[in-house]
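Undergrad: turn this into a structure:
(2 chains)
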Amino acid sequence: MASALDLAAAVRSGARSARSVTEEHLAAIDAREGEIHAFNLVTRDEALAAADAVDAAVARGEDPGPLAGVPVALKDNLCTRGVPTTCSSRILEGWRPPYDATVVERVLAAGGIPVGKTNLDEFAMGSSTENSAFGPTRNPRDTSRVPGGSSGGSAAAVAAGFAPLALGSDTGGSIRQPAALCGVVGVKPTYGAVSRYGLVAFASSLDQIGPFAATVDDAALLLDVISGHDRRDSTSIDAPPTALLGDGADVAGLRVGIASELTDADGIAPEVRVAVERAAAALEAAGASVERVSVPSTVYGLSAYYLIAPAEASSNLARYDGVRYGLRVEGADVEEMNAATRDAGFGPEVKRRIMLGTYALSAGYYDAYYGQAQRVRTLIMRDFAAAYELCDVLLSPTAPTTAFAFGAKTADPLAMYLSDICTIPTNLAGHPAMSVPFGLGADGLPIGVQVLAPALGEATMFRAARVVEAAGVAS
Amino acid sequence: MSAYETVIGLEVHVELSTATKLFCGCANEFGAEPNTNICPVCLGLPGSLPVLNERVVEYALRIGEALHCEVLARSIFHRKNYFYPDMPKDFQTSQYDEPICADGWIEVDGARIGIERAHMEEDTGKSTHVGGGGRIHDADHSLVDYNRAGVPLMEIVSRPEITSAEQARGYVTELRAILLAIGVSDVKMEEGSMRVDANVSIRPVGATELGTKVEIKNMNSIRSLGRAIEYEIERQTLQADAGERIVQETRHWDEEAGVTHGMRSKEGSSDYRYFPEPDLVPVAPTPEMRAAAIAAVPELPAAQRARLVAEWGISEHDARVIVATPGLAAYAQGAVDALAGGTAKDVVNWATGELLAHGNETGAEPADWALDPAGLAELVGLVAEGAISRGQAKEVLTGSLAGEGSPREVADARGLAQVSDEGALGSIIDDVLAANADAVEEYRSGDDKARKKKRGFLMGEAMKASKGQGNPQLLNRLLDERLG
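TA: Got it, this is the predicted structure:
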């Protein structure tokens, strides 16, 4: 399979047409999408029109940009002008945003070809894509297994070769965990590195958009395109990002820490722990130093996350009330209409989290729940800051196990929540982290190793990730 | 003497007159076609994010300065969560425990009323309930106009230190004058750009604990605010005297009936689940912004009134009217500056009399009157130099306001001129005395009462003979000279 970098180079040089690249990927979708269900919608006509525009630019002697002619799959919680954006929820069925998300604008401006909207757990709440109102996505490596979630459709699209690149969103691990389960690279950037404008909010203080790709360099290509200040997002970082692509620096002298609490947690499969150790050994062999580092308060990450994220979600999802857009179920008066619409439109996991969050913010409980969770968040930041005094990057598992079977965790929400135990702390800290494939488990399914870095440490993180990637391929 | 004393706190919402809304670039204007000033942000569409309008912060800083508030170096926005169809996100972005301004005061007729806080927040859209009972719960259907959604508001909360309806009126009048002077709002209660809610309670005289407060809403003028508070004090007093418990509730002022009604109470008390708005960063005004705000606050109404009383020799009442009427102080100042004859007091008499009446009738702002400040100065000059009488001046003013031209042009065109020629007026008087010899005789022989009566008669005849154009002072003098 050609890399995104190679495809873009071929299109920019005129060696290949964007149309042929796009048609080839649409054919791959046609061949296997029925089995995988990575997409809620394949935007065939729009993709071909965009490809023709890229080809026309090349014909005029213009450079269409770094993503020239490269198909990109978009998670269906990213707003696309005139194209349905559902968040895999009945409540948004039929809604067509009147605007493009900033990341979509940037992909288009760079010559990228959006090929469709990918499936997700409803409103990005879940770790298996089984919470989609439109049916689950299957893991292309083994269709009896989940692809992970919530960005399961985007991870599966890249793993199945439907698109070399995809965008997802990561609130507690929703890019990294499915990347690990599908055997692709997935990056959650520093909070504020990528504009959230046009990302349908789940938990505003945790959400971040990031890339999926088959390789670390392809992920760097897409992240370079979407990063950078956007005045429409007040939390966007107002500083020029460091280019990740073409960074030739090696890892000599890099201080690598294995994050003890995240690697030794209950439920981490031994083979996953071994993968982390071997990734560390590969870095050491490349000139880095390795030690074990403790980030003690991360053990409270899951608990804090399941108060903060639902609290913000309960407020962010209030607007789906049947008044202005999406589903409306009539009622005798406006309150009944609101209630009936939300009852019919939201699935069980979304309702569970809205109720959790509403409770956590209620008078009399706020300080014990939401307030306490925010204090834990501060502690986690402090512990990470201490760890990054000793290390430049940290390593841990991305997910406790390889991809699990459909239905394995649906009956027990807490078991499902534990899928994100290694990824959640970085969201609470606002730091970047990425999952890099590192060999296969006993079941023949991919294992992901997580590389973590301090805020705005993407360049260092990618350097380490390239070494891990190479070692993983060799293993 | 009532056995109770009244405690009132006022919450005033003021729409700021910025060009654009609080969190987006949509126009902030009153009266546009429904749902034309809207965008993904103020409609709260999925994926949209707010960006704070820096001009709103500037205005908030000005308000803080004018109300003697402490301005916080860092304040934050919160979300106030509740469902309502005219609120697009089903939460209001507002400030909660860290408002931009706190602990201020204004002076109202010599008393200092504390300001607890002043904070920024967004306005909601506007619902129109059609058919049925015309209220949200019994209408056939409702229409929502989101033009107002996201319009910037300052909520200014007084301390519960107001003790009467009259003082409440005075507080709002003064606050309104201050906000007008600093140019942050057009403060029109009728158009809703200034909305006042009153928290009213009573307690036995001398008690230190506050009584149960009742919130009253829907007063659309300062006058109705006073009436509503008076009604509410009376209602609570009657209830307390009857030994009934006063219920904490929100009541709706019915302007026509002159009463307050309890509003449909929701089950349980509302819990707004405030939490810090994660989509916005803290508001931290720079020293430059603070300095600019201080520089942008002009002479405040209280100081301006005192100056006008001293410099122009006008009454406190007239100074109050001049300063409280939008645009009138600048107008009067322009006329005073242009005076060639007459006094500032003359200018103010016209401004607070006929001109203000004209403004109220037509709804036109002073800046838009057809008679400009220089024209008013000209009119005052014409009267002062005796060219026209005060009665004629009113006719000239009407003509000028109708667009007929400057006062001099109107007077010329209408042939209005005062006769001040002593010889001409003298012969008129001679003729009148000759034709009314009986009256002259009765004047000379009569008592004081009869003399006064006859003199008035003769003066009237003389004015009539001059066709109303005789200079009255001159006619008086000439008549007195001849009657001896």
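
Undergrad: report the contact partners of A:Ser88.
TA: Residues in contact with A:Ser88 (Cβ atoms under 8 Å, 6 or more residues apart in numbering or on different chains) are A:Asn40, A:Asp76, A:Asn119, A:Leu120, A:Asp121, A:Glu122, A:Phe123, A:Asn131, A:Ser132, A:Ala133, A:Phe134. C-betas here are computed from N, CA, C, even on glycine.

Undergrad: closest residue of the stretch 51-200 of chain B to chain A?
TA: Going by Cβ to the nearest Cβ, chain A is nearest to B:Asp90 of the stretch 51-200 of chain B, at 3.5 Å.

Undergrad: that residue reaches B:Thr124, doesn't it?
TA: No: applying Cβ atoms under 8 Å as the test, B:Asp90 and B:Thr124 come out as separate, 10.6 Å apart.

Undergrad: any shared contact partners between those two?
TA: Counting by Cβ under 8 Å, 6+ apart, the residues touching both B:Asp90 and B:Thr124 are B:Tyr84.

Undergrad: right, and the helix or strand after the helix or strand bottoming out on mean pLDDT in chain A?
TA: Using mean pLDDT, DSSP states H and E, helix A:413-417 stands out as the lowest-scoring helix or strand of chain A, at a mean of 89. Tracing the chain C-terminally past helix A:413-417 and defining elements by DSSP states H and E, one meets helix A:424-429 next.

Undergrad: neighbours of residue 475, how many?
TA: You didn't pick a chain, so chain A it is. 14 (other Cβ atoms under 10 Å in any protein chain shown).

Undergrad: try chain B instead
TA: 23.

Undergrad: sorry, back to before: narrow the contacts of A:Ser88 to those in strands?
TA: If you go by DSSP state E, the contacts of A:Ser88 have A:Asn40 in strands.

Undergrad: what is the nearest of the contacts of A:Ser88 to A:Ala399?
TA: Relative to A:Ala399, the closest of the contacts of A:Ser88 is A:Asp121; by Cβ to Cβ it sits at 14.9 Å.

Undergrad: that closest one and B:Tyr59: what is the separation?
TA: Distance, A:Asp121 to B:Tyr59, using Cβ to Cβ, to the nearest Å: 43 Å.

Undergrad: ok, now A:Lys117?
TA: 42 Å.

Undergrad: ok, the residue in the stretch 351-484 of chain B positioned nearest to chain A to B:Glu190 distance?
TA: Residue nearest to chain A within the stretch 351-484 of chain B (Cβ to the nearest Cβ): B:Gly363, separated by 35.2 Å. Going from B:Gly363 to B:Glu190 by Cβ to Cβ gives 10 Å.

Undergrad: now do A:Ala50
TA: Taken as Cβ to Cβ, the span from A:Ala50 to B:Glu190 is 53 Å.

Undergrad: quick one: low-confidence ranges for the stretch 101-250 of chain A?
TA: Nowhere does the stretch 101-250 of chain A drop to pLDDT under 70.

Undergrad: and it, which of its residues are near chain B?
TA: Residues of the stretch 101-250 of chain A lying close to chain B by Cβ under 8 Å from any Cβ of the partner chain are A:101, A:196-201, A:203-205, A:231-235.

Undergrad: for the residue of the stretch 1-150 of chain A at minimum distance from chain B, grab phi and psi.
TA: Residue nearest to chain B within the stretch 1-150 of chain A: A:Cys79 (4.4 Å; Cβ to the nearest Cβ). When read as degrees, to the nearest 10, the backbone of A:Cys79 gives phi -70, psi 130.

Undergrad: now it: how far from A:Pro114?
TA: As judged by Cβ to Cβ, A:Cys79 and A:Pro114 stand 12 Å apart.

Undergrad: could you do A:Thr423 as well?
TA: 26 Å.

Undergrad: please apply the same query to B:Asn218.
TA: The gap separating B:Asn218 from A:Pro114 is 51 Å, by Cβ to Cβ.

Undergrad: then B:Arg176?
TA: Going from B:Arg176 to A:Pro114 by Cβ to Cβ gives 54 Å.

Undergrad: with B:Asp430 instead?
TA: Separation of B:Asp430 from A:Pro114 (Cβ to Cβ) stands at 103 Å.

Undergrad: try B:Ala27
TA: Between B:Ala27 and A:Pro114 the computed distance is 32 Å (Cβ to Cβ).

Undergrad: try A:Pro348
TA: Using Cβ to Cβ, we find A:Pro348 at a distance of 31 Å from A:Pro114.

Undergrad: who's in contact with the lengthiest helix in chain B?
TA: Taking DSSP state H as the criterion, chain B has its longest helix at helix B:222-241. Helix B:222-241 has contacts (Cβ under 8 Å, 6+ apart) with B:2, B:4, B:6, B:8, B:164-166, B:168-169, B:172-173, B:176, B:189, B:196, B:198, B:200-202, B:211, B:214, B:216, B:219, B:245-246, B:251, B:253, B:255, B:258-260.

Undergrad: mind listing what's buried in whichever helix or strand comes after that helix?
TA: Using DSSP H and E, the helix or strand that follows helix B:222-241 in sequence is strand B:249-254. With burial defined by 16 or more other Cβ atoms under 10 Å in any protein chain shown, the residues of strand B:249-254 counted as buried are B:Thr250, B:Arg251, B:His252, B:Trp253.

Undergrad: check stretch B:86-102 too.
TA: B:86-96, B:98-102.

Undergrad: distance between the ends of that stretch?
TA: By Cα to Cα, to the nearest Å, the extent of stretch B:86-102 from end to end equals 29 Å.

Undergrad: any idea how far that stretch is from the middle of the chain?
TA: Computed by Cα atoms, centre = their mean, to the nearest Å, the chain-centroid distance of stretch B:86-102 equals 27 Å.

Undergrad: with stretch A:424-431 instead?
TA: Centre-to-centre, stretch A:424-431 and its host chain are 13 Å apart (Cα atoms, centre = their mean).

Undergrad: neighbour count for A:Asp121 and B:Tyr59, which is higher?
TA: Legend: neighbour count by other Cβ under 10 Å for A:Asp121 and B:Tyr59, higher for A:Asp121 (32 against 25).

Undergrad: tell me how far the more buried one lies from B:Pro278.
TA: Counting by Cβ to Cβ - A:Asp121 and B:Pro278 are separated by 21 Å.

Undergrad: re the thing from before, which of A:Pro348 and A:Pro114 has more neighbours?
TA: A count of neighbours by other Cβ under 10 Å puts A:Pro114 above the other of A:Pro348 and A:Pro114, at 22 against 11.
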